[in-house]
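>>> With the sequence up front, the predicted model follows.
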Amino acid sequence: MKLLKPTWVNHNGKPIFSVDIHPDGTKFATGGQGQDSGKVVIWSMAPVLKEEDEKNENIPKMLCQMDNHLACVNCVRWSNNGVYLASGGDDKLIMVWKRAAYIGPSTVFGSSSKLANVEQWRCVSILRSHSGDVMDVAWSPHDAWLASCSVDNTVVIWNAVKFPEILATLKGHSGLVKGLTWDPVGKYIASQADDRSLKVWRTMDWQLETSITKPFDECGGTTHVLRLSWSPDGHYLVSAHAMNNSGPTAQIIERDGWKTNMDFVGHRKAVTVVKFNPKIFKKKQKNGSSTKPSCPYCCCAVGSKDRSLSVWLTCLKRPLVVIHELFDKSIMDISWTLNGLGILVCSMDGSVAFLDFSQDELGDPLSEEEKSNIHQSTYGKSLAIMTEAQLSTTIIENPEMLKYQQRQQQQQMEQKNAAIREAAGTATAAPKVASMVNGESLEDIRKNLLKKQVETRTADGRRRITPLCIAQLDTGVNATSASAAPPVSSVLTTPSKIEPMKAFDSRFTERSKATSGTSAVINTNQTAIDRLKDQNLIKENKPKDILESSSDSEEKIPATKPLSLPKRKLELEAETVEKKKKGRPRKDSRLVPVTLTVQSPAAMVSEKDATCISAPALALKLPTPIPQKSFTLQVSSDPSMYIEVENEMTTVGGSKLSRLKCNREGKEWETVLTSRILTAAGSCDVVSVACEKRTLSVFSACGRRLLPPIILHSPISALHCTGSYVMALTTIATLSVWDVHKQSVVVKDESLQTILAGSDTSVSQILLTQHGIPVMSLSDGKAYCFNPSLSTWNLVSDKQDSLAQCADYRNSLPSQEAMLCSGPLAIIQGRTSNSGRQAARLFSMPHLVQQETTLAYLENQIAAALMLQSSHEYRHWLLIYARYLVNEGFEYRLRELCKDLLGPVHYSAGSQWESTVVGLRKRELLKELLPVIGQNLRFQRLFTEYQEQLDILRDK
């Protein structure tokens with residue numbers, strides 16, 4: 001180990017309170033007291049590391065000096081990407097600095113001309129919120145947030161993507177808050193204050209996780225700072241200024257249960273600063289000797305008021321090195337180099353010391369990959385937060401835009417005040433939206449899960465809890481240990497079925513609930529079932545003639561017998577899903593229980609013959625319903641309506657009659673048919689039944705026959721009604737849809753050959769939307785809808801779609817409620833939102849690719865909603881898309897979108913423009929879009945241009 005005190009690093013004799021080394025290791029910053037202001041100085045690292053560079057006069061030692069702070073600077077911190085430097089001081093401000101383009105050397109104000117700034121750093125944001133001195137600032141692991149703490153007893157979390165937006169103010173300390181540290185996976189932030197407590201807060205909802213007071217009970221007196229630190233593997237949090245048997249210590253707090261059983265002892269006065277080395281180490285291998293691989297360990301430096309510094313390894317009982325009397329006054333801050341071998345320490349006496357270690361002393365550092373593997377194995381994958389490029393300050397060019405901006409600010413203030421009033425009641429209760437997931441409070445979910453946690457022991461005897469997927473920032477697969485209890489395994493998903501994490505605002509996951517009839521692997525449609533839990537009737541297929549109804553509905557369903565093909569038997573749970581529409585009676589579009597096993601030509605033809613066979617030569621074959629003596633079928637639960645069928649109940653003059661009964665909210669009607677009824681279906685408007693002789697009869701909701709029997713060209717396989725639409729699927733896989741009220745055909749004998757040909761798939765779910773659009777979900781996770789006007793099959797959903805896995809539009813979601821958008825598209829795709837991404841992809845994907853996949857995904861969603869004529873979902877995805885275009889700065893596409901919504905301002909006969917889209921007025925949509933566009937100053941011309949056009953149209 002080498003020790004160096006570079007005398008040229010000083011603030012002219014004034015104290016230096018903070019030091020931080022730049023992530024690239026080329027420079028470091030100091031903060032402290034200036035002549036009559038706060039002072040931030042950026043120094044070159046080269047003269048500290050190499051003696052020849054120090055002696056070489058051509059290599060500048062000081063790179064830049066900034067005197068903008070009005071009072072002493074207490075803390076300087078580089079962002080993890082090295083672009084920004086944040087400084088906080090006694091003037092209650094946090095300043096964020098960024099390097100400016102080189103303009104030529106400028107002199108430091110008020111100094112002799114010799115002192116010139118080599119680099120230009122300018123202040124890009126001033127963050128004002130604290131009402132007292134700012135003591136510490138800290139960047140979150142992915143630079144998404146910046147936290148600051150102050151003597152006003154609060155911690156403020158700033159949105160580092162959009163300064164100066166405040167995401168949360170953490171209130172709970174009753175003394176001056178003097179230190180902050182983020183957990184390396186971004187799940188917690190810890191703060192330490194003079195109130196003799198250390199508090200850990202969750203980043204998920206910015207609420208208090210735990211408050212630790214025991215080690216600080218005996219602490220008397222105060223220190224200028226309390227810089228605590230979290231270990232790079234996330235297991236330990238080490239505090240400053242704790243006491244044990246009236247001796248000063250640095251308290252070690254275990255993440256596992258926040259236990260406080262260990263500490264670093266030995267300093268004679270209070271510990272002011274603790275700093276973990278960013279690297280995780282493993283023992284250095286001796287040449288040739290194959291020592292068994294040792295446990296990875298961390299390295300930590302502790303500085304104290306007793307002017308001494310100690311360096312500890314977590315694998316040793318005693319400190320690695322202690323340096324006494326390193327300074328004349330208390331140690332104030334410590335910073336490690338990113339390679340983990342160098343350390344800078346600063347002191348109240350205004351000087352700085354540099355310690356240089358060798359790998360023999362500390363050990364071999366693990367690579368970033370090994371480090372992230374440790375994180376993954378312990379916490380699952382940590383979630384990367386992609387940041388959008390920051391907008392530079394823009395001049396507002398016209399009064400409209402200024403008015404709009406002021407209105408926005410006023411609204412935000414009102415919301416904030418309302419939130420403050422609400423929060424004032426209870427400091428601990430989370431906001432209502434945040435604390436509820438799927439109708440359960442997060443606390444309940446957490447408690448229930450903790451009851452069944454699985455514990456294992458590592459080789460060295462430490463307890464390890466197998467991580468469970470609780471609503472949190474972790475995504476990815478949670479591997480369950482061999483001893484996992486059965487109830488636990490139903491909460492965990494297996495790699496083959498991994499779905500993107502569903503998260504509100506990337507912070508709330510929706511837990512899949514295991515339901516009766518599902519195996520331990522959760523069905524991919526589970527979320528759709530979850531979401532519609534209150535209206536759902538979930539049943540199991542039982543191999544009897546009659547399916548017993550589930551406890552909450554009085555229905556029995558005719559069992560459809562799958563053809564005995566060993567290759568693919570697809571037995572689906574029968575699910576009946578209904579959709580609520582606001583303001584009108586619910587028409588039910590239902591997912592019918594079907595077990596369709598398809599024999600596709602390709603499956604029967606051997607490989608070499610496959611080439612010369614013509615497609616229609618072998619027809620697809622679907623199963624027919626088995627005739628039954630009687631069955632009951634629930635059509636809808638609101639209004640309550642069910643159908644009863646009795647076959648061959650009486651014989652009149654040699655022919656057997658069948659009876660159809662329908663009960664709607666207690667009112668009954670019945671009718672007779674001359675042949676056996678195979679299957680029936682109904683909606684609130686019509687009831688239809690298919691009989692043995694290929695006939696199809698349709699009745700009104702009150703039992704009046706609407707049409708003479710329709711003769712189908714082949715036997716029925718499945719029947720379906722929604723509103724006034726009736727859909728029939730025949731055994732030769734052709735599909736027809738009729739509008740009974742208009743007495744017109746919507747889809748005529750359309751073959752499923754197109755979507756089933758050549759693949760080993762079967763139809764798993766059929767849905768008829770309220771607009772009479774048939775949708776087929778196949779067993780391979782793809783769903784197609786038939787568009788009557790184009791007469792084409794269109795792919796509207798694909799479970800294996802990689803775009804859905806990679807798209808990231810979290811920052812474009814309007815609010816938590818808006819994400820729970822329901823409609824045919826949501827039912828087919830079976831996911832509320834895929835906004836929490838699989839983080840591995842996020843870490844490795846270039847931002848450009850990310851943008852392209854997100855745009856493609858959002859455009860797919862809009863097109864699918866349009867095809868399904870789902871106006872509610874079309875509007876939902878259109879607004880997210882527009883918000884994404886605004887956030888990412890795609891002016892070209894945004895302009896095209898606005899142009900289409902506005903249409904021609906002056907009417908002309910030759911105009912092809914339609915004023916509505918899926919029943920929504922385009923110009924009303926544009927009015928909703930404009931406030932979104934106005935949020936980005938880059939688009940102010942676009943905003944005013946279209947605002948003016950709309951005003952002209954309104955005045956007409």
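Perfect, thanks for sending it. Residues are numbered from 1 along each chain as shown.
>>> Return the distance of the top helix by length along the chain from the chain's centre.
The longest helix of the chain (DSSP state H) is helix 399-425. Offset of helix 399-425 from its chain centre (CA atoms, centre = their mean, to the nearest Å): 26 Å.
>>> And for stretch 244-252?
Using CA atoms, centre = their mean, the offset of stretch 244-252 from its chain centre is 40 Å.
>>> Let me see the backbone angles for Asn811.
phi -70, psi 0 (degrees, to the nearest 10).
>>> quick one: the helices in the stretch 1-150 of the chain?
Counting by DSSP state H, counting those that start in this stretch, one finds helices in the stretch 1-150 of the chain at the ranges 46-49, 51-55.
>>> From the contact counts, what lies against the longest helix of the chain?
Applying 3 or more CB pairs under 8 Å, 6 or more residues apart in numbering; DSSP states H and E, one finds that helix 399-425 contacts helix 922-934, helix 940-955. C-beta: built from backbone N, CA, C; applies to glycine.
>>> how about the nearest residue to Gly34, chain neighbours excluded?
Spatially, and ignoring its direct neighbours in sequence, Gly34 is nearest to Asp67 (5.6 Å; CB to CB, 6 or more residues apart in numbering).
>>> low-confidence ranges in the chain?
Residues of the chain meeting the criterion pLDDT under 70: 102-116, 285-294, 380-395, 422-457, 459, 466-619, 814-821, 831-844.
>>> buried set for the longest strand seen in it?
Scanning the chain for the strand with the most residues, using DSSP state E, yields strand 640-652. The neighbour-count check on strand 640-652 (16 or more other CB atoms under 10 Å) flags 641-647 as buried.
>>> Stretch 734-748 now?
Neighbour counts over stretch 734-748 (16+ other CB under 10 Å) mark 734-738, 740, 746-747 as buried.
>>> can you give me the end-to-end distance of that stretch?
In stretch 734-748, first residue to last residue: 9 Å (CA to CA, to the nearest Å).
>>> ok, now stretch 911-918?
Start and end residues of stretch 911-918 are separated by 19 Å (CA to CA).
>>> Could you list the buried residues of it?
So, applying 16+ other CB under 10 Å, buried residues of stretch 911-918: 917-918.
>>> Identify all contacting residues around that stretch.
Applying CB atoms under 8 Å, 6 or more residues apart in numbering, the external contacts of stretch 911-918 come out as 865-866, 869-871, 874, 903-904, 921-923, 925.
>>> now stretch 700-712, how far from the centre of its chain.
Chain-centre distance of stretch 700-712: 50 Å, with CA atoms, centre = their mean.
>>> no wait, stretch 738-757
Put simply, stretch 738-757 sits 40 Å off its chain's centre (CA atoms, centre = their mean).
>>> same deal with stretch 694-706?
49 Å.
>>> Just the C-alpha atoms of that stretch, please, in CSV.
Once non-C-alpha atoms are left out, stretch 694-706 reads as follows in CSV (Å, rounded to 0.1, in the frame of the first residue of the first chain):
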residue,chain,number,x,y,z
ARG,A,694,-77.9,-29.4,-39.9
THR,A,695,-80.6,-26.8,-39.0
LEU,A,696,-80.0,-23.6,-37.1
SER,A,697,-82.9,-21.8,-35.5
VAL,A,698,-82.9,-18.2,-34.1
PHE,A,699,-85.3,-16.8,-31.5
SER,A,700,-85.7,-13.3,-30.1
ALA,A,701,-84.9,-12.7,-26.4
CYS,A,702,-88.7,-13.3,-25.7
GLY,A,703,-88.9,-16.5,-27.6
ARG,A,704,-90.3,-15.4,-31.0
ARG,A,705,-88.8,-17.2,-34.0
LEU,A,706,-86.9,-14.7,-36.1
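>>> Report the separation between the residue in the chain sticking out farthest from the centre and Ile126.
Most distant residue from the mean C-alpha position of the chain: Gly653, 68.8 Å away (CA atoms, centre = their mean). Distance from Gly653 to Ile126, counting by CB to CB, to the nearest Å: 96 Å.
>>> ranges for the helices of the stretch 701-850 of the chain?
Using DSSP H, counting those that start in this stretch, helices in the stretch 701-850 of the chain cover 753-756, 802-806, 824-829, 839-844, 847-867.
>>> Switch those helices over to JSON lines; also include mean neighbour count and distance to Gln405.
Formatted as JSON lines, the helices of the stretch 701-850 of the chain follow (neighbours: other CB atoms under 10 Å; distance: least, CB to CB, whole Å):
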{"stretch": "helix 753-756", "mean neighbour count": "18", "distance to Gln405": "50"}
{"stretch": "helix 802-806", "mean neighbour count": "17", "distance to Gln405": "34"}
{"stretch": "helix 824-829", "mean neighbour count": "26", "distance to Gln405": "35"}
{"stretch": "helix 839-844", "mean neighbour count": "16", "distance to Gln405": "32"}
{"stretch": "helix 847-867", "mean neighbour count": "18", "distance to Gln405": "26"}
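>>> Among the ones you listed, which comes closest to Ala144?
helix 839-844 (11.9 Å; CB to CB).
>>> buried residues in the helix or strand harbouring Gln376?
According to DSSP states H and E, Gln376 maps onto helix 368-379. For helix 368-379, a neighbour-count test (16+ other CB under 10 Å) marks 371-372, 374-376, 378-379 as buried.
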